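1. fold the stuff below for me.
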Amino acid sequence: MVKDLKEISMNENEFLNKEITVQGWIRNHRKQKEFGFIDFNDGTQFNNLQIVYEKDLENFDEIQKFGIGSAIEVTGILTSSPNANQSSELKAKKVILLGSCPEDYPIQPKRHTREFLREQAYLRPRTNLFGAVFRVRSIAAMAIHEYFQSNNYVYVHTPLITTTDCEGSDQMFKITTLDLNNLPMKDKKVDMTKDLFGKQAYVTGTGQLHGEAFAMAYKKIYTFGPTFRTENSNTKTHANEFWMIEPEIAFCDLNKLMDIEEEMLKYVIKRVLDKCQNEIQFFNQFVEKGLKEKLEKVVSSKFVRISHHDVVDILKKANINWEFEPDYESDIAKEHEKYITEYFNGPVFITNWPKDIKAWYMKLNDDNKTVAAVDLEVPGAGELMGGSQREENYDKLMKRIDEMHIDKDTVQWFCNLRRYGGCYHSGFGMGFERLIMYLTGIENIRDAIPFPRTPKSCEY
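-> Below you'll find the predicted structure:
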């Protein structure tokens with residue numbers, strides 16, 4: 001029976017000195033006249049298994065020609081290894097080629113730049129770095145589901161196609177079935193009544209609004225799925241397609257929301273630290289020195305809570321020549337985020353932001369100047385989560401919609417939630433790739449998602 005390397009590693013004593021069969025790929029091949037060594041991996045764990053084969057095998061000469069990247073099946077005896085870097089190795093009795101690989105295979109056993117590997121996105125999961133990144137991504141995704149499911153949240157699949165303008169239509173991809181070379185026109189505008197949905201439709205920029213509808217029925221829900229934005233940004237932290245986690249909780253104010261954010265993040269980090277020890281050790285050594293300590297510190301720390309106004313006070317008192325001068329009415333810059341997390345030596349919740357720089361659905365505070373919004377800033381990454389208490393008062397919400405020139409027709413159903421048994425409620429969003437960058441030390445969002453979609457780049 002074929003065994004996975006993960007299964008073998010977890011039950012090594014059970015398989016030691018017994019015959020096993022494995023299937024996977026050649027990572028490296030070192031050939032000698034009388035024997036050879038194959039570094040073998042099947043993707044189920046970080047560490048390779050060394051396979052030793054000797055000249056007494058009937059197809060020895062054929063095995064010596066197997067190239068790096070080839071898929072093979074090996075049957076042999078698992079034995080203790082004399083190599084201090086590994087506890088066991090597989091002494092081969094039979095090696096079968098399942099899929100050959102030519103000498104020009106791009107992923108050779110040497111250090112490749114991340115820029116080169118992005119150009120080989122369909123092959124890069126076979127490298128140590130990206131094999132580790134996407135395994136952490138898998139464990140982190142499962143941990144997110146585990147956290148919410150164990151706390152009685154309902155997982156909701158919100159639509160990817162929407163007519164609701166939440167983040168601003170200028171940031172949303174428009175979709176159509178119309179012939180772009182022969183558009184139907186009416187009053188010098190494209191006649192969208194001829195389109196499939198009879199109106200302008202978008203690819204969603206958030207699942208929040210639809211999530212709130214379900215929170216008014218299930219109390220606690222979360223969405224976890226792909227999200228799309230049209231930002232023409234080439235920074236290391238922006239992509240046009242990414243994944244978002246967006247919980248919505250009824251009968252929840254801003255303070256309770258921060259409790260949930262902190263608890264969830266600590267849970268996910270702890271699961272990754274426990275389940276991805278080899279990967280974290282690799283990142284700690286080769287990607288970001290001190291990563292493991294940074295993550296452990298987050299799990300054990302108490303997050304600071306401070307208002308935007310008080311943050312600006314601290315920034316203004318700092319003896320620093322800022323590139324962007326801190327302002328009570330404005331957002332804070334990356335340099336400010338970095339300073340604040342260093343100032344408090346840990347994660348920081350910044351609350352009560354100026355209303356004019358935040359979204360229309362956020363709850364207006366009694367001062368009529370700020371909204372009950374919160375951003376979580378973490379050391380080394382800046383903003384990781386953004387959330388708010390939502391405006392539950394129908395009249396106040398409609399006034400904000402008028403002030404911000406939102407198309408009422410597209411969000412009337414959302415506003416009606418306030419009329420039909422509405423209650424105070426809150427929610428937050430976390431970009432999944434931002435989390436993966438934080439967990440792995442990877443600096444570019446293009447390296448945290450399997451096939452990145454960024455301006456002028458939509459390969460594979």
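2. and residue 445, what does it touch?
-> 236-239, 242, 433-434, 437, 452 (Cβ atoms under 8 Å, 6 or more residues apart in numbering). To be clear about C-beta, it is placed using only N, CA and C from the backbone, and glycine gets the same treatment.
3. now do it, the pLDDT please.
-> What the model reports as pLDDT for residue 445 is 94.
4. separation between it and residue 208?
-> Look at residue 445 and residue 208: by Cβ to Cβ, to the nearest Å, they are 21 Å apart.
5. among the contacts of residue 445, which ones are in helices?
-> The helices, defined by DSSP state H, take in 433-434, 437 from the contacts of residue 445.
6. okay if I get the residues you listed as JSON lines plus pLDDT and neighbour count?
-> Listed next are the ones in helices among the contacts of residue 445 as JSON lines, based on pLDDT from 0 to 100; neighbours: other Cβ atoms under 10 Å:
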{"residue": "433", "pLDDT": "96", "neighbour count": "24"}
{"residue": "434", "pLDDT": "93", "neighbour count": "21"}
{"residue": "437", "pLDDT": "95", "neighbour count": "24"}
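7. please name the nearest non-neighbouring residue to residue 370.
-> Among residues not flanking residue 370 along the chain, residue 352 sits closest, at 4.5 Å (Cβ to Cβ, 6 or more residues apart in numbering).
8. helices or strands next to the one helix or strand that neighbour maps to in the packing?
-> Residue 352 belongs to strand 348-354 when assigned by DSSP states H and E. With contacts defined as 3 or more Cβ pairs under 8 Å, 6 or more residues apart in numbering; DSSP states H and E, strand 348-354 has these neighbours: helix 254-275, strand 304-307, helix 308-317, helix 334-344, strand 370-378.
9. run the chain-centre distance for it.
-> 23 Å (Cα atoms, centre = their mean, to the nearest Å).
10. CA atoms of it as PDB?
-> C-alpha atoms of strand 348-354 as PDB (Å, rounded to 0.1, in the frame of the first residue of the first chain):
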ATOM      1  CA  VAL A 348      -2.600  47.700  18.500                       C
ATOM      2  CA  PHE A 349      -6.300  48.300  17.900                       C
ATOM      3  CA  ILE A 350      -6.900  51.800  16.700                       C
ATOM      4  CA  THR A 351     -10.500  52.900  17.200                       C
ATOM      5  CA  ASN A 352     -12.900  55.800  16.400                       C
ATOM      6  CA  TRP A 353     -11.700  57.000  13.100                       C
ATOM      7  CA  PRO A 354     -12.700  60.300  11.300                       C
END
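11. quick check: angle from that strand to helix 334-344?
-> If you take axes from the mean of the first three to the mean of the last three Cα atoms, to 10 degrees, strand 348-354 sits at 130 degrees to helix 334-344.
12. which neighbours does strand 348-354 have in its sheet, and in what orientation?
-> The strands that strand 348-354 pairs with in its sheet are strand 304-307 (parallel), strand 370-378 (antiparallel) (by DSSP bridges).
13. okay, these, which one's buried deepest?
-> Neighbour counts (mean count of other Cβ atoms under 10 Å) averaged over each of those peak at strand 370-378, with a mean of 24.
14. other residues contacting that strand?
-> With Cβ under 8 Å, 6+ apart, strand 370-378 has contacts from 253-254, 257-258, 261, 265, 298, 303, 308-309, 337, 340-341, 347-355, 358, 362-365, 383-389, 426, 428, 438.
15. and those residues, which of them are buried?
-> Neighbour counting with 16 or more other Cβ atoms under 10 Å marks 254, 257-258, 261, 265, 298, 303, 308-309, 337, 340-341, 347-355, 358, 362-365, 383-389, 426, 428, 438 as buried within these.
16. hang on, residue 36 in a strand?
-> Yes - according to DSSP: H, G, I helix; E, B strand; the rest coil, residue 36 belongs to a strand.
17. element containing the closest residue to it other than its chain neighbours, please.
-> Closest residue in space to residue 36, ignoring its immediate chain neighbours: residue 53 at 5.4 Å, by Cβ to Cβ, 6+ apart. Using DSSP H and E, residue 53 sits in strand 49-54.
18. model confidence over that strand, on average?
-> Strand 49-54 comes out at a mean pLDDT of 96.
19. after it, which helix or strand is next?
-> Sequence order places helix 60-63 as the next helix or strand after strand 49-54, per DSSP H and E.
20. that next one packs against which elements?
-> Secondary-structure packing of helix 60-63 (3+ Cβ pairs under 8 Å, 6+ apart): strand 49-54.
21. rewinding a little: can you name the residues that contact the residue nearest to residue 370?
-> Contacts of residue 352 (Cβ under 8 Å, 6+ apart): 307-309, 365, 370-373.
22. can you pick out the most distant pair from those?
-> Between all members of these, the longest pairwise span (Cβ to Cβ) is found for 309 and 372 and amounts to 13.7 Å.
23. can I get the ones in helices among the contacts of residue 445 in a markdown table with distance to residue 290?
-> A markdown table is the format used below for the ones in helices among the contacts of residue 445 (distance: Cβ to Cβ, whole Å):
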| residue | distance to residue 290 |
| --- | --- |
| 433 | 22 |
| 434 | 19 |
| 437 | 15 |
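24. residue 288: which of these is nearest?
-> Nearest to residue 288 out of those is residue 437 (Cβ to Cβ; 10.0 Å).
25. show the pLDDT at the residue nearest to that closest one when sequence neighbours are not counted.
-> Nearest non-adjacent residue to residue 437, counting by Cβ to Cβ, 6+ apart: residue 448, 5.1 Å away. For residue 448, the model assigns a pLDDT of 96.
26. and what of residue 140?
-> So residue 140 comes in at 98 (pLDDT).
27. tell me who's in contact with it.
-> Neighbour list for residue 140: 268, 271-272, 432, 435-436, 439 [criterion: Cβ under 8 Å, 6+ apart].
28. and the helix or strand containing it, what's buried?
-> Using DSSP H and E, residue 140 maps to helix 128-150. By neighbour count on 16+ other Cβ under 10 Å, the buried set for helix 128-150 is 128-137, 139-141, 143-144, 147-148.
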